[in-house]
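Asks: compute the structure for the input listed below.
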Amino acid sequence: MSPTTYDTWLVALREDNESLPSVEEQQAFLNFLNQRTTAEEAALAYTHVVTNAKYQDPDTLWLLLWQTAEEWPETYQRLVDLLKAIARLPPITRKTNAGEVSMLEYWNALPEFEFGLREYWDGKATRVLFATDPSVHANFINLTSFNACLYSEGVFQLERWAIMTLSAALEQDYESQSHLLDTFTPAAAQYILQTGQSVYTNVKDAGVYTNVKDVIFPGPLLQKAREKGNIERWAFWKENFASVQDQEDLKESTRAIAKQVVERMGKIEKHSH
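Replies: I've put the predicted structure just below:
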């Protein structure tokens, strides 16, 4: 059987990364990406080593999923299906050195996946601030889009993360680093395009911004706007997305997605009244 694009990619990834799952786990993952197995079959095969090991956590399993999401946006739905199948697996039973039986809930609700993904995303967001390599910025946008997909599919409740991402894009002062808007704008846009109604509901439920204590992750531009009077955060975001459309120093793709987001926000407002 000829190697697929995913096979070739993973071979290259092995050369630069020592924190990958075992060869057995990698093959189980590739079989699923290449549509040779179902999500349920892949869930059992991909977690088999961790489930049956005496001491092993699933960190490397999750890392490979995040790296795949960064590189291959077309795999999002399959990754979501795999995660949902893994979340339905029973707890892991292990014996301690004292002979006691412990139950490890690695799979139900995927707590370590969500926590690890937050740390991984934070690290990538920090890299974006200093990296000049275009792939770093593209991968960050893809990873954020995957997060929005997880939220949209109900895998995790990421409303606070969505607000934090939108704050990073629209409430920070990038006047001296406007090029960063070419990364943070399309990244944050994913939450509006994929989960806009949920974001709108959460922000509107918080009401008008009258006190900094009432707002999570308030950025300096939002706080500055608040000094001039009460302000709705959703309206502030919409105004800033609209302003991106007119910034000629930004990429055409950034300006286009900002326009798309403004239109989407308008439709959400209209259908919510």
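Asks: contacts only, for Ala69.
Replies: For Ala69, the contacting residues are Thr75, Tyr76, Leu79, Asn142, Leu143, Phe146, by C-beta atoms under 8 Å, 6 or more residues apart in numbering. For the C-beta atoms, the positions are set from N, CA and C on the backbone; glycine is no exception.
Asks: and it, what element?
Replies: Ala69 is part of helix 59-71 when elements are defined by DSSP states H and E.
Asks: got the buried residues for that helix?
Replies: Thr60, Leu61, Trp62, Leu63, Leu64, Leu65, Trp66, Gln67, Thr68, Ala69, Glu70, Glu71 (16 or more other C-beta atoms under 10 Å).
Asks: could you dump the contacts of Ala69 to TSV with neighbour count?
Replies: Formatted as TSV, the contacts of Ala69 follow (neighbours: other C-beta atoms under 10 Å):
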residue	neighbour count
Thr75	17
Tyr76	20
Leu79	23
Asn142	21
Leu143	23
Phe146	24
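Asks: let's have those in CSV, adding distance to Gly116 and secondary structure.
Replies: Output for these, formatted as CSV (distance: C-beta to C-beta, whole Å; DSSP: H, G, I helix; E, B strand; the rest coil):
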residue, distance to Gly116, secondary structure
Thr75, 19, helix
Tyr76, 18, helix
Leu79, 15, helix
Asn142, 17, helix
Leu143, 13, helix
Phe146, 14, helix
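Asks: what's the local residue count around the closest residue to Leu129 other than its chain neighbours?
Replies: Spatially, and ignoring its direct neighbours in sequence, Leu129 is nearest to Leu180 (7.0 Å; C-beta to C-beta, 6 or more residues apart in numbering). Using other C-beta atoms under 10 Å, Leu180 is surrounded by 16 other residues.
Asks: hang on, Leu89 in a strand?
Replies: No: according to DSSP: H, G, I helix; E, B strand; the rest coil, Leu89 belongs to no strand; its state is coil.
Asks: so what's the residue count around it?
Replies: Leu89 is flanked by 15 other residues according to other C-beta under 10 Å.
Asks: Thr51 versus that one, what's the distance?
Replies: According to C-beta to C-beta, to the nearest Å, Leu89 and Thr51 sit 8 Å apart.
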